[in-house]
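J.: can't give you the sequence, but here's the structure:
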């Protein structure tokens, strides 16, 4: 790992796609052009992600009922004049169903992401500050659970609780908080030995004030980066569970459920798989690129790379 790479970079398998884009700004006479290309990439990616989220949460109020059937129009192909995304096997407007499915998937992913962040950071920070036996017990438990196959554990939890949106959120939280706990624990232990934290303690600052003023602000950047990445992973995990029939149940709809339903009719209606799949891919790619940008923009070692 080079001096400019953080532990997050190593976990992600390198500096990432956007880091490469920003590295263009350090290459000879093409400095300004490289920075412009990188910044435009961030703008486009952010617009795609924000547009996807707004379409999912706002667009559903202006579209047709996603469960309204019209058998006469079954398997109508996408058209600019009638059904933009076509219809499914029951004649339901597929644009409305994709938007409704994206809303369900993103809602579950966002709720799970907030919960895993809150639980993981709290546990990891508390363990690092407590030290001693308490820290060992907590972190050995985290390591034990982390060693279990995540997908298998998620499937078992959903199977035991029964397929539903609540079961999916619980399963994703049980599997996801460990990443934040280990991250917060490692960073807090490093910060606890830093000079400015020791000075704050010597000055008589209480532990909570030290945590609030000196620890949490330094956790914000890496935690936000991982949270953005986890949002994409959680959306994909929810879609996987729904695809397997273990996620949300009808009449609710999610992107994974649409992919599973469209698989059987893919030969006669390509849009039933392609369009929800593209929506999911856009969300995942946009979140990953933005997470890489957040890491680079907030890393002091990369201050000369990013031109905001």
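T.: Arrived safely. Note that the structure is predicted; figures quoted are calculated from it, not measured.
J.: Please count neighbours and contacts with C-alpha atoms only from this point.
T.: Fine.
J.: In terms of helix, strand or coil, where does the spatially closest residue to residue 96 that is not a sequence neighbour fall?
T.: Using C-alpha to C-alpha, 6 or more residues apart in numbering and skipping residues adjacent in sequence, the residue nearest residue 96 is residue 66, 5.0 Å away. Three-state call for residue 66 (DSSP: H, G, I helix; E, B strand; the rest coil): coil.
J.: in the stretch 151-300 of the chain, which spans are helices?
T.: 165-192, 195-202, 207-210, 216-243, 255-263, 271-298 (DSSP state H, counting those that start in this stretch).
J.: Switch the ones you listed over to TSV; also include mean pLDDT.
T.: TSV is the format used below for those (pLDDT from 0 to 100):
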stretch	mean pLDDT
helix 165-192	91
helix 195-202	68
helix 207-210	68
helix 216-243	90
helix 255-263	92
helix 271-298	85
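J.: and of the ones you listed, who's closest to residue 117?
T.: Taking C-alpha to C-alpha, helix 165-192 is the member of the helices of the stretch 151-300 of the chain nearest to residue 117, at 6.1 Å.
J.: tell me what that closest one is packed against?
T.: Applying 3 or more C-alpha pairs under 8 Å, 6 or more residues apart in numbering; DSSP states H and E, we find helix 165-192 packed against helix 94-130, helix 132-146, helix 150-161, helix 216-243.
J.: Of these, flag the one that's most buried.
T.: Greatest average neighbour count among those goes to helix 94-130 (a mean of 23), per mean count of other C-alpha atoms under 10 Å.
J.: Would you mind checking the average pLDDT for that helix?
T.: The average pLDDT within helix 94-130 is 93.
J.: Tell me what angle that helix forms with helix 165-192.
T.: Angle, helix 94-130 to helix 165-192, by axes from the mean of the first three to the mean of the last three C-alpha atoms, to 10 degrees: 40 degrees.
J.: Point out the other helices and strands that helix 94-130 packs with.
T.: By 3+ C-alpha pairs under 8 Å, 6+ apart, helix 94-130 packs against helix 31-57, helix 132-146, helix 165-192, helix 216-243, helix 255-263, helix 271-298.
J.: So which elements touch the second one?
T.: Helices and strands touching helix 132-146, as assessed by 3+ C-alpha pairs under 8 Å, 6+ apart, comprise helix 94-130, helix 165-192.
J.: From residue 136, how far out is the residue nearest to residue 260 when sequence neighbours are not counted?
T.: Spatial nearest neighbour of residue 260, chain neighbours left out: residue 243 (5.1 Å); criterion: C-alpha to C-alpha, 6+ apart. In this view, residue 243 and residue 136 are 39 Å apart by C-alpha to C-alpha, to the nearest Å.
J.: Low-confidence regions, the stretch 1-150 of the chain specifically.
T.: Scanning the stretch 1-150 of the chain for pLDDT under 70 picks out the ranges 1-39.
J.: nearest to residue 249, of the helices and strands packed on helix 165-192?
T.: When those are compared by C-alpha to C-alpha, helix 216-243 sits nearest residue 249, at 8.1 Å.
J.: any idea of the angle the closest one forms with helix 94-130?
T.: Helix 216-243 and helix 94-130 are oriented at 140 degrees to each other (the same axes, to 10 degrees).
J.: So which residue is smack in the middle of the protein?
T.: For the chain, the residue sitting closest to the mean C-alpha position, by C-alpha atoms, centre = their mean, is residue 231 at 1.3 Å.
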